[in-house]
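**Student:** only geometry, no sequence info:
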């Protein structure tokens with residue numbers, strides 16, 4: 001029974017604040033580290049050897065490597081990120097357009113317009129046009 005029992009009130013509020021701050025800083029640090037590594041691979045202007053050098057520097061000396069990378073190439077990181085996001089958005093928009101156009105049902109107006117074009121060319125008679133029009137509208 002001589003064991004010490006630690007209760008919640010034995011941990012001061014300032015200690016909890018510092019613990020939360022340290023955890024948040026570590027999370028932000030890892031986010032920055034992975035963003036730098038992703039930027040190294042994303043940059044088409046860097047040669048393979050330059051990418052390998054930056055990667056080795058950021059992995060062997062992470063704090064110093066990330067600091068140097070952000071100082072040397074940080075300004076263009078945002079531009080590369082914007083280009084990457086725009087390319088993703090354009091690819092998504094194109095996919096949506098293809099999916100909507102390829103499987104979507106044509107409207108009655110589109111079908112009637114195509115039918116009237118066929119009649120204007122003389123490929124169908126007025127009676128065939130009337131029957132097809134009734135079929136579309138009903």
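**Tutor:** Here it is on my side, so go on. All values derive from a computational prediction rather than experimental measurement.
**Student:** ok, and for the helix or strand where residue 39 lies, which residues are buried?
**Tutor:** Using DSSP states H and E, residue 39 sits in helix 13-42. Neighbour counts over helix 13-42 (16 or more other Cβ atoms under 10 Å) mark 33, 36, 37, 39, 40 as buried. Every residue, glycine included, has its C-beta placed from N, CA and C.
**Student:** so what's the residue nearest to the fourth one when sequence neighbours are not counted up against?
**Tutor:** This means residue 39. With Cβ to Cβ, 6 or more residues apart in numbering as the criterion, residue 39 has its nearest non-adjacent residue at 5.1 Å, and that residue is residue 77. Contact partners of residue 77, counting by Cβ atoms under 8 Å, 6 or more residues apart in numbering, are 35, 36, 39, 70.
**Student:** Please identify the helix or strand for the residue nearest to the first one when sequence neighbours are not counted.
**Tutor:** Nearest residue to residue 35, sequence neighbours excluded (Cβ to Cβ, 6+ apart): residue 77, at 7.6 Å. For residue 77, the element it lies in under DSSP H and E is helix 62-103.
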